[in-house]
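In: only geometry, no sequence info:
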């Protein structure tokens, strides 16, 4: 092995990935077809921000140079999973397993790909297979614990985590897994402690940092309800989640038309439940971030985008509420329109900063501004003609368009291109 | 680079020395030796002591087979500018061609001692092959050549130390020529170093009365490119100590070779040169957390390092061990215990004063217009020294492109520099993103409080 390659491996073990890549380039200048160097390049680039696609290309080159080896195939599968391309990842993991059925790393790659596809039962089986081959595979154990948790088999998940921690009490991922399991059980303080321990061991672990943020947000009972809903959704595959979303919408429409003709008195509670649910599921994170901003310790866990999200969503929602309530009490339509507009614009605003792709942010940001502008115009018309009912005349027309935009925008996040991608 | 285009630029600016040197080098590369010489002569007409031109002429003479003429000129150049390393290297090469490997070795060692980046394995092996491995001749710190077989001479001793350092592959400066005045701004860090390092070494009795002793280990940490190495050199200069520097590549070599013995030899060399500052750059590579080590060889080396720091085999009196790292969290906890690297200093990105001084250094020798260093310093908050260099590189490239288009010299304008500040992203930000997590979540002993204070997260 050349000294460049040995040094690069040493540097990777110490997390000095950029320097390792530079040495590997020097090595490849002398040995342009060395698969080991391409594998090292891929392993390093996986850890460098924005270089995941190059890592994939390097792993592919290594596969081309040694097509009968399972490792580069499994490595490609891991990279593809991190690029949210789990279907391709699964195929490559299966190819790696076909080449080397007793290779724990390939089974782990399969398990990770299946987790990404929310196929939890199969992910559990693949992780168990990896552990049967290598009982000391800590990562496989952590994936198993994760897969069990997402099947709501919390006791088994915790047992696996405890087993892992008894072997290695400094495994940050295991602590983070324990934190998520505690959070799923509603044990917020316990979860917070586990996440803090995970972060003490590995302060850059996103999985634990996100968990800590969720446990801070879950201090509010309101947020805990939506966290439960979120855990329930997490257990489902993407298509099932969409089906449930459509199902709820259709059920609301059907129930509303039935109640209109039979029990109109029940319409108010139906609207109340439906809109609390809608507002809650869209705004829960933004509002929770808003509350965290007031906590001097917890707000440190938020990144810049989350802080802006909290400030914008919280301000729009609570300012809207502050206008709607007096408007309702004193029957001032202008105040109700302005308040409603602020609250409705909080929905697209909640998607701008943390949840969308670049194009998604532009669309949702524009929708927020458009709703505010149109509602402002409608409120002005209402101010000029207070005698007219809200939905009549020019103002009524403008307001209807604003409402249609607010409702329509809630369907757009179903388009994958508008959602935030990993990496 | 296009020779014709450069000649056009030269016609517009016939006294531009860098341009003349560039054209001469390109002519030399094309083996147009006479033309190259004429351009170098033009440089000497403008600036008779220009080292690069004198060196270039010696090289051209050597190419034309007039090596004794070349040697005479190099002797004069080395006497005139003893710190100019390329002259020593060329002298070594030509002396070797002349058949004197022993002298060639001495000149080579001098060149590498002055500028480590000039190390040329091929030349060095050739010197050894031709008998230059017998270390009986040395170039002393002041540049003269001595025969080390004469015992009891201090200067000769310095030469031996220099050779040992070369054999160990480390940089050795018998007297660091840097002082705190050479480091712009960063007053807080300097005060910290004065209190934690310089005063205890200069007033050992006073500190002993308070139960504190001189020497020991100090860790400098902070984002890359922000002057940790320069600060270490300046510290050595302030206490008038020998400065021995071990870099990442020497550390990597240790993992590949006879590591423990080599590390011990480095410490021995430093102990023999007291008062001395032994500086380990990128110390996280050498003192990494043993839990992350796969190979037992690494663990043995770390144990050896700890033993050397503790002075288990020899006294470390008047030996200051300085470590610099971008990733203090990767250090094995054992290194941070009392008696080892127990004094920790955060070196933040350069402040506005420091940036202004760095900017003025980069501006030297460049044609500038509407240049306001204070304004540029204000625009570059969070920039490291390396980022500021990148700003100048981008602006200079823009000026050169414009000069090529217009066919005459275009100065680097304040506008070009301001635009370049937008193209360069402060590299320290990425470091702070990671460091913030360590400071927030793994700061049980308050080790990283300085980071939180710098980020405004703690008062």
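Out: Sure thing, it's come through. Every value quoted in this text rests on a predicted model; they were computed, and no experiment measured them.
In: worst-scoring helix or strand of chain B, pLDDT-wise?
Out: None of the helices or strands of chain B scores lower by mean pLDDT, DSSP states H and E than strand B:137-139, at a mean of 40.
In: Low-confidence bits of the chain, can you list those?
Out: If you meant another chain, say so; for now it's chain A. For chain A, the stretches with pLDDT under 70 are A:1-2, A:238, A:420-423.
In: switch to chain B, that's the one I care about
Out: Looking at chain B by pLDDT under 70, you get B:1, B:116, B:131-176, B:212-216, B:251-258, B:290-298, B:312-314.
In: where do the strands sit along it?
Out: In chain B, the strands defined using DSSP state E lie at B:137-139, B:145-147, B:171-173, B:216-221, B:242-246, B:276-280, B:319-325, B:343-346, B:368-369, B:412-413.
In: how about those, which one is nearest residue A:131?
Out: Taking Cβ to Cβ, strand B:319-325 is the member of the strands of chain B nearest to residue A:131, at 37.1 Å. The C-beta positions use only the backbone N, C-alpha and C, and glycine is treated the same way.
In: How many residues are close by residue A:269?
Out: For residue A:269, the count of nearby residues is 10 (other Cβ atoms under 10 Å in any protein chain shown).
In: wait, is it part of a helix?
Out: Yes. Assessed with DSSP: H, G, I helix; E, B strand; the rest coil, residue A:269 lies in a helix.
In: From chain B, how far off is it?
Out: Residue A:269 sits 45 Å away from chain B, going by Cβ to the nearest Cβ, to the nearest Å.
In: List the residues that contact residue A:224.
Out: A:186, A:188, A:218 (Cβ atoms under 8 Å, 6 or more residues apart in numbering or on different chains).
In: which one of those residues has the most neighbours?
Out: Neighbour tally across those (other Cβ under 10 Å): the maximum, 23 neighbours, falls on residue A:218.
In: That one contacts residue A:188, correct?
Out: Yes. Here residue A:218 lies in contact with residue A:188, judged by Cβ atoms under 8 Å, at a distance of 4.8 Å.
In: thinking again about what came up before, export the strands of chain B to JSON lines and tack on mean neighbour count and distance to residue A:92?
Out: As requested, the strands of chain B are exported to JSON lines (neighbours: other Cβ atoms under 10 Å in any protein chain shown; distance: least, Cβ to Cβ, whole Å):
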{"stretch": "strand B:137-139", "mean neighbour count": "25", "distance to residue A:92": "60"}
{"stretch": "strand B:145-147", "mean neighbour count": "15", "distance to residue A:92": "64"}
{"stretch": "strand B:171-173", "mean neighbour count": "21", "distance to residue A:92": "48"}
{"stretch": "strand B:216-221", "mean neighbour count": "24", "distance to residue A:92": "41"}
{"stretch": "strand B:242-246", "mean neighbour count": "25", "distance to residue A:92": "44"}
{"stretch": "strand B:276-280", "mean neighbour count": "27", "distance to residue A:92": "43"}
{"stretch": "strand B:319-325", "mean neighbour count": "26", "distance to residue A:92": "38"}
{"stretch": "strand B:343-346", "mean neighbour count": "19", "distance to residue A:92": "45"}
{"stretch": "strand B:368-369", "mean neighbour count": "15", "distance to residue A:92": "56"}
{"stretch": "strand B:412-413", "mean neighbour count": "20", "distance to residue A:92": "51"}
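In: closest to chain A out of those strands?
Out: Minimum separation from chain A across the strands of chain B (Cβ to the nearest Cβ) falls at strand B:319-325, 10.8 Å.
In: Pull the residues that contact that closest one.
Out: Under the contact criterion Cβ under 8 Å, 6+ apart, strand B:319-325 has outside partners B:197, B:201, B:215-221, B:228-229, B:232, B:235, B:239, B:241, B:267, B:270-271, B:274-284, B:287, B:309, B:331, B:335, B:341, B:347.
In: how deep is residue B:181 tucked in, by neighbour count?
Out: So residue B:181, with other Cβ under 10 Å, has 10 neighbours.
In: what sits against it?
Out: Residues near residue B:181 by Cβ under 8 Å, 6+ apart: none.
In: tell me, which of the contacts of strand B:319-325 make contact with chain A?
Out: Intersecting those with the surroundings of chain A, defined as Cβ under 8 Å from any Cβ of the partner chain, gives residue B:284.
In: distance of the residue of the stretch 51-200 of chain B found nearest chain A from residue B:285?
Out: With Cβ to the nearest Cβ, the shortest gap between the stretch 51-200 of chain B and chain A falls at residue B:121, namely 12.0 Å. Per Cβ to Cβ, to the nearest Å, residue B:121 is found 22 Å from residue B:285.
In: ditto for residue B:408
Out: With distances taken as Cβ to Cβ, residue B:408 is found 49 Å from residue B:285.
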